[in-house]
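> Only the shape, not the letters, is given here:
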DNA sequence: GCACCCGTATGTCATAGTTAAATGCCGCCC
DNA sequence: GGGCGGCATTTAACTATGACATACGGGTGC
């Protein structure tokens, strides 16, 4: 395996025993589709937290689905300025751009220890030829990612720092909830304030101050690394809108 | 036709006589693909400048390709704050998110008088089943749009206002060049400073001042509504990077 | 136990960016 | 041709945010 600093983890989750299968909200496969996806997946990769396993400017031979853990997509400027584009949670797909195009135009880093299902781009044509439903799902996933980035761009471009901070936390909370990572309205988020800053397009210091203001609102509590949504309506009010429940979605 | 304020324009460009076909850089169709696309296109729509023919929150029954003119995708906040997400030029696809999902999550407005090829979402499954190459192209177009938005988010999040203004103008200029809209390094862009401001995530006034600073750099000239790139290398220097030539791309 | 490192927090000052208001230009109508 | 209205562009005053410097707390390794 030649993918960044990741390595095969010697454990392989068969697709029919995939824990993601049990999740409500994810489209079920037909038997034929499942059989194909089992064949499509050639490996399982474990990546250390902090490792960038997809690099801007490189060619990606694989498509990935997150099985466990969190990752984030990011772009750098020459002088080290970084913009985090989006986070990937279990069931999210990574590397599609690189699989379709000449080279990756963003990088992907593991935020936590990460387990990825590995799909070779060389088999993508097979998938498109034999399973239009899966091809449709891949397009759907790309369109969804675009929607998330559109929303994010609206935040960075037009919301105040407090609004956008509230919105991002609400959004990530909702997605973690969907992934079954939330208990009693609380979660230990794996990202630092610097990650938040780089996602919000703000400086670290200003992010810290904005978080403090948010905490003073009593909508959230963030103590001992545990983030708790105390009053979701109040948080949504600050954000300017709530995050709508997502319709059932595909994954591969 | 029930699409916003647009209307059928009584003129119909057959796909085999499509002017976009003559453009270098766009993938050619096989005879079979062309025959299918002729059938896929059911109408041609002309939209007045300023009309929003796709609205956030509505369901979109169609997919569109821009034949003539410029449009832009945008999202609004409740209080009227607007973020322009991206511009669409000839050969660009619009409405894919709405065609795939329950409803549109952004709106699309014609910047100039616009001519659109109309493709019904109801036939999308047919396309995916019979023409995996076209299905692949649609996914490619979605991924490309995502790339453009990623780049844009990097700009808004991390570049200074001067850098991001330079970058956006360079980017739009390069795309207009690809569309054959540029002559002698000059073009009459159809957008106002307010459009630029809403794209850059800046206020109108700050945009104006930033443009003035850019004009002082002598990299560009903008007089009598004609935008001219005088020194492309200097403009790219201010932007922080040049816009790479695009690989051949599909369109439908 | 101590030192170091990383993440979080705070105060001060500077400046990039916004708001409010003014000016310029163009098109339309009388 | 002149006046008016609307839109685009510009200027001056004010504020949200960035940058710098520093402090504090907790965890890890020696």
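The structure has been received and is ready for your questions. Since the model is a prediction, treat every value here as computed from it, not as a measurement.
> Using the three-state scheme, assign whichever residue of the stretch 151-252 of chain A sits closest to DNA strand D.
Proximity of the stretch 151-252 of chain A to DNA strand D (C-beta to the nearest atom of the strand) peaks at residue A:206, 2.7 Å away. Using the backbone N, CA and C atoms, a C-beta is placed for each residue, glycine as well. Under DSSP: H, G, I helix; E, B strand; the rest coil, residue A:206 falls in the helix class.
> and if you look at residue A:139?
Secondary structure of residue A:139, per three-state DSSP, is helix.
> these two touch, right, it and residue B:138?
Yes: counting by C-beta atoms under 8 Å, residue A:139 touches residue B:138, with 5.9 Å between them.
> can you list the residues of chain A near DNA strand D?
Counting by C-beta under 7 Å from any atom of the strand, the residues of chain A close to DNA strand D are A:160, A:161, A:162, A:201, A:202, A:203, A:205, A:206.
> In CSV: these, plus distance to residue A:103.
Listed next are the residues of chain A next to DNA strand D as CSV, based on distance: C-beta to C-beta, whole Å:
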residue, distance to residue A:103
A:160, 36
A:161, 34
A:162, 38
A:201, 25
A:202, 29
A:203, 31
A:205, 35
A:206, 34
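> ok, which pair from these is furthest apart?
The span of the residues of chain A next to DNA strand D, defined through C-beta to C-beta, is set by A:160 and A:205 at 16.4 Å.
> Those two: which has the busier surroundings?
Counted by other C-beta atoms under 10 Å in any protein chain shown, residue A:160 and residue A:205 do not tie: residue A:160 has more neighbours, with 13 against 10.
> Just the buried residues of the residues of chain A next to DNA strand D.
Buried members of the residues of chain A next to DNA strand D, counted by 16 or more other C-beta atoms under 10 Å in any protein chain shown: A:161, A:162, A:201, A:202.
> Name the nearest of these relative to residue B:197.
Closest approach to residue B:197 among these (C-beta to C-beta): residue A:201, at 16.6 Å.
> Please name the nearest non-neighbouring residue to the closest one.
Leaving aside its sequence neighbours, residue A:201 sits nearest to residue B:157 (C-beta to C-beta, 6 or more residues apart in numbering or on different chains; 3.2 Å).
> one step back: how about a markdown table for the buried ones among the residues of chain A next to DNA strand D, with pLDDT added?
Output for those, formatted as a markdown table (pLDDT from 0 to 100):
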| residue | pLDDT |
| --- | --- |
| A:161 | 91 |
| A:162 | 91 |
| A:201 | 93 |
| A:202 | 93 |
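> possible to save those residues as TSV with distance to residue B:65?
Shown next, in TSV, are those (distance: C-beta to C-beta, whole Å):
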residue	distance to residue B:65
A:161	39
A:162	40
A:201	32
A:202	38
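> Nearest to chain B: which residue in the stretch 51-200 of chain A?
The minimum distance from the stretch 51-200 of chain A to chain B, using C-beta to the nearest C-beta, falls at residue A:157 (3.1 Å).
> Return the residues in contact with that residue.
Residues near residue A:157 by C-beta atoms under 8 Å, 6 or more residues apart in numbering or on different chains: B:83, B:156, B:198, B:200, B:201.
> which SS state does it fall under?
Residue A:157 falls in the helix class when you classify it by three-state DSSP.
> What pLDDT is listed against it?
Residue A:157 is assigned 91 on the pLDDT scale.
> again, but for residue A:7
Here, the pLDDT recorded for residue A:7 equals 53.
> Now narrow the residues of chain A next to DNA strand D to whatever sits close to DNA strand C.
Restricting the residues of chain A next to DNA strand D to those near DNA strand C - C-beta under 7 Å from any atom of the strand - leaves residue A:205.
> List just the nearest of the residues of chain A next to DNA strand D to residue B:12.
Each of these was checked against residue B:12 using C-beta to C-beta; the closest is residue A:201, at 45.0 Å.
> re earlier: overlap of the contact sets of residue A:139 and residue B:138?
residue B:96.
> can you pull out the strands in the stretch 1-150 of chain A?
Using DSSP state E, counting those that start in this stretch, the strands found in the stretch 1-150 of chain A span residues A:7-8, A:43-47, A:52-54, A:62-68, A:71-76, A:82-88, A:93-94, A:107-110, A:114-120.
> Arrange those in CSV, one row each, with mean neighbour count as further columns.
What follows is the strands of the stretch 1-150 of chain A, written out as CSV (neighbours: other C-beta atoms under 10 Å in any protein chain shown):
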stretch, mean neighbour count
strand A:7-8, 13
strand A:43-47, 20
strand A:52-54, 21
strand A:62-68, 23
strand A:71-76, 21
strand A:82-88, 23
strand A:93-94, 23
strand A:107-110, 24
strand A:114-120, 23
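> give the contact list for the spatially closest residue to residue A:30 that is not a sequence neighbour.
Spatial nearest neighbour of residue A:30, excluding adjacent residues (C-beta to C-beta, 6+ apart): residue A:133 at 7.7 Å. Residues near residue A:133 by C-beta under 8 Å, 6+ apart: A:30, A:33, B:128.
> Give me the phi and psi angles of the first one.
Same thing as residue A:30. Main-chain torsions, residue A:30, degrees, to the nearest 10: phi -80, psi 170.
> ok, back up a step: so which of the strands of the stretch 1-150 of chain A gets nearest residue A:218?
Nearest of the strands of the stretch 1-150 of chain A to residue A:218, taken as C-beta to C-beta: strand A:82-88 at 25.8 Å.
> Relative to that closest one, what are the paired strands and their orientations?
Here strand A:82-88 has these sheet partners by DSSP bridges: strand A:71-76 (antiparallel).
> what angle separates the partner strand from strand A:62-68?
On the basis of axes from the mean of the first three to the mean of the last three C-alpha atoms, to 10 degrees, strand A:71-76 is oriented at 130 degrees to strand A:62-68.
> Quick one: mean pLDDT for strand A:71-76?
Predicted confidence along strand A:71-76 averages 95 (mean pLDDT).
> what does stretch A:98-107 give?
Taken as a whole, stretch A:98-107 has an average pLDDT of 89.
> That stretch and chain B in contact?
Yes: legend: contact between stretch A:98-107 and chain B by C-beta under 8 Å from any C-beta of the partner chain is shown at A:100, A:101, A:102, A:105, A:106.
> quick one on the thing from earlier: who wins for proximity to DNA strand C among the strands of the stretch 1-150 of chain A?
Comparing the strands of the stretch 1-150 of chain A by C-beta to the nearest atom of the strand, strand A:107-110 comes nearest, at 12.7 Å.
> how about the strands in the stretch 151-252 of chain A?
Using DSSP E, counting those that start in this stretch, strands in the stretch 151-252 of chain A cover A:186-187, A:220-223, A:226-229.
> now the residue nearest to the spatial centre of chain A, which residues is it bridged with?
The centroid of chain A falls nearest to residue A:88 when counting by C-alpha atoms, centre = their mean (1.2 Å). Counting by DSSP bridges, residue A:88 forms beta bridges with residue A:71.
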